[in-house]
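*Asks:* heads up, no residue letters with this:
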């Protein structure tokens, strides 16, 4: 019954958001708010625990398909500049967000998970906006997407560390060192050992030309690594993401991604709906002003760190500004995964998840407009000759033309 209610309400809300030309994630969250236990007069779902369980499956499938976009070779090919900018943005925004959270009187772990949530940029939303605007092949877009890829890995790793520390409640240096060591050992072991076995296994299954066999195999990899990650105290999102990276190393990657997309869409929808269902809309009046303050903080911190680090690396003012606008535009789905990660380990207060949800709705809605504005207020499109060179270019063309006529 709960699944029937979820899908019917979600279908109606998606039709409305599609008609209004808004991102689907907004429709999912609003659908969750409609059916949730905090919306009067009564809850339309009988078991929020069941919805949360399906949402956990949604997180695994969502992060798995994100990982399939990033084979190890692609990660290696991303330039050093993108890595430096991603580290500057993620760590800089995290530090500023934590400071602002503490100044607003939030508890320690509320501030930490909040800071991590506002450090996220939605690769999916940014890519979609750039494609719609026909800007995906510009130099700024390549830099922006490279930074977003590295940032996803940083955020997923930081989430694993933060959840592990939160579950023990200990912020001692030794405890953090152990947790960081476990996370790095897990990632290193997966990439070193897994890259030598998992792609070959997936390719063997791919040679059978049986889609059901390929599907079950890649799901076994995704849920198996998620289980191992959870067993050693790391976020399931981390295991799922790197499972996708391993599958991306196989020759069957394209087929594996295509056949898992319907499952991702279904359970991913349940995840976003569960976030909306867990949002206590009665708290909205109390946190809407702090949410707006934090949106402004996130935008300022991301833009400032990206622009400054890009300029320090010798990039032009235009490229630096466009990358700053693009990366500061949206929090997206990973912000919700991060916020729910704090709630799952019981480390955050009740107001944090609905506040991050509200911030996600607002930033997702604003993203296309922010990116358009950033591209518009910068100078002439990349690749155009500077005005000062127009005469030289025309002279060269005239010379070539006259030479051709003489011949």
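*Replies:* Structure's in. What do you need? Small disclaimer: the values here were computed from a predicted structure and weren't measured.
*Asks:* Below-threshold pLDDT in the chain: ranges please.
*Replies:* 40, 42, 74-79, 123-125, 127-142, 145, 169-175, 329-333, 379-407 (pLDDT under 70).
*Asks:* Apart from its neighbours in sequence, what residue is nearest residue 121?
*Replies:* residue 327 (4.9 Å; Cβ to Cβ, 6 or more residues apart in numbering). Placement of C-beta: from N, CA and C, glycine included.
*Asks:* quick one: the one you found and residue 120, what's the gap?
*Replies:* 10 Å (Cβ to Cβ, to the nearest Å).
*Asks:* Now the common contact residues for the two.
*Replies:* Residues touching both residue 327 and residue 120 (Cβ atoms under 8 Å, 6 or more residues apart in numbering): residue 151.
*Asks:* ok so, going back, surely the residue nearest to residue 121 and residue 89 touch.
*Replies:* Yes - look at residue 327 against residue 89 with Cβ atoms under 8 Å: they come within range, at 6.3 Å.
*Asks:* Quick check: neighbours shared by these two?
*Replies:* Taking Cβ under 8 Å, 6+ apart as the criterion, residue 327 and residue 89 both touch 121, 147, 151, 302, 306.
*Asks:* Residue 209: neighbour count?
*Replies:* 9 (other Cβ atoms under 10 Å).
*Asks:* how about it, secondary structure?
*Replies:* coil (DSSP: H, G, I helix; E, B strand; the rest coil).
*Asks:* quick one, what contacts it?
*Replies:* Contacts of residue 209 (Cβ under 8 Å, 6+ apart): none.
*Asks:* just residue 167 next, same as before
*Replies:* Contacts of residue 167 by Cβ under 8 Å, 6+ apart are 233, 345, 347.
*Asks:* Burial check on the last one, number of neighbours?
*Replies:* For residue 347, the neighbour count with other Cβ under 10 Å is 21.
*Asks:* so what's it closest to, chain neighbours aside?
*Replies:* residue 166 (3.7 Å).
*Asks:* got the buried residues for the helix or strand hosting the one you found?
*Replies:* In this structure, residue 166 is located in helix 139-168 according to DSSP states H and E. Using 16 or more other Cβ atoms under 10 Å as the burial criterion, the residues of helix 139-168 that qualify are 140-166.
*Asks:* Then stretch 290-302?
*Replies:* 290-291, 294-295, 297-299, 301-302.
*Asks:* For those, give me TSV that also has secondary structure.
*Replies:* What follows is those, written out as TSV (three-state DSSP):
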residue	secondary structure
290	helix
291	helix
294	helix
295	helix
297	helix
298	helix
299	helix
301	helix
302	helix
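*Asks:* Make CSV out of these and add distance to residue 276.
*Replies:* Output for those, formatted as CSV (distance: Cβ to Cβ, whole Å):
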residue, distance to residue 276
290, 19
291, 15
294, 19
295, 18
297, 24
298, 21
299, 23
301, 26
302, 25
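*Asks:* which among those residues gets closest to residue 180?
*Replies:* Taking Cβ to Cβ as the measure, residue 180 lies nearest residue 301 of the buried residues of stretch 290-302, at 23.2 Å.
*Asks:* about what we covered before: what about the residue nearest to residue 121, how many neighbours?
*Replies:* Residue 327: 30 neighbours (other Cβ under 10 Å).
*Asks:* Quick check: it vs residue 9, distance?
*Replies:* For residue 327, the distance to residue 9 - Cβ to Cβ - is 33 Å.
*Asks:* what's the answer for residue 82, then?
*Replies:* 40 Å.
*Asks:* what do you get for residue 212?
*Replies:* 31 Å.
*Asks:* Between those two, which is the more surrounded one?
*Replies:* Remark: of residue 212 and residue 9, residue 9 carries more neighbours, 21 against 9, as counted by other Cβ under 10 Å.
*Asks:* element containing that one, please.
*Replies:* Judged by DSSP H and E, residue 9 forms part of helix 2-19.
*Asks:* Sort out which residues of that helix are buried, please.
*Replies:* Neighbour-count burial for helix 2-19 flags 2, 5-6, 9-10, 13-14, 17 (criterion: 16+ other Cβ under 10 Å).
*Asks:* Redo these as JSON lines? Include distance to residue 253.
*Replies:* Compiled in JSON lines, these are given as follows (distance: Cβ to Cβ, whole Å):
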{"residue": "2", "distance to residue 253": "34"}
{"residue": "5", "distance to residue 253": "36"}
{"residue": "6", "distance to residue 253": "31"}
{"residue": "9", "distance to residue 253": "34"}
{"residue": "10", "distance to residue 253": "29"}
{"residue": "13", "distance to residue 253": "33"}
{"residue": "14", "distance to residue 253": "28"}
{"residue": "17", "distance to residue 253": "31"}
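*Asks:* Go through these and name the one nearest residue 115.
*Replies:* residue 17 (29.3 Å).
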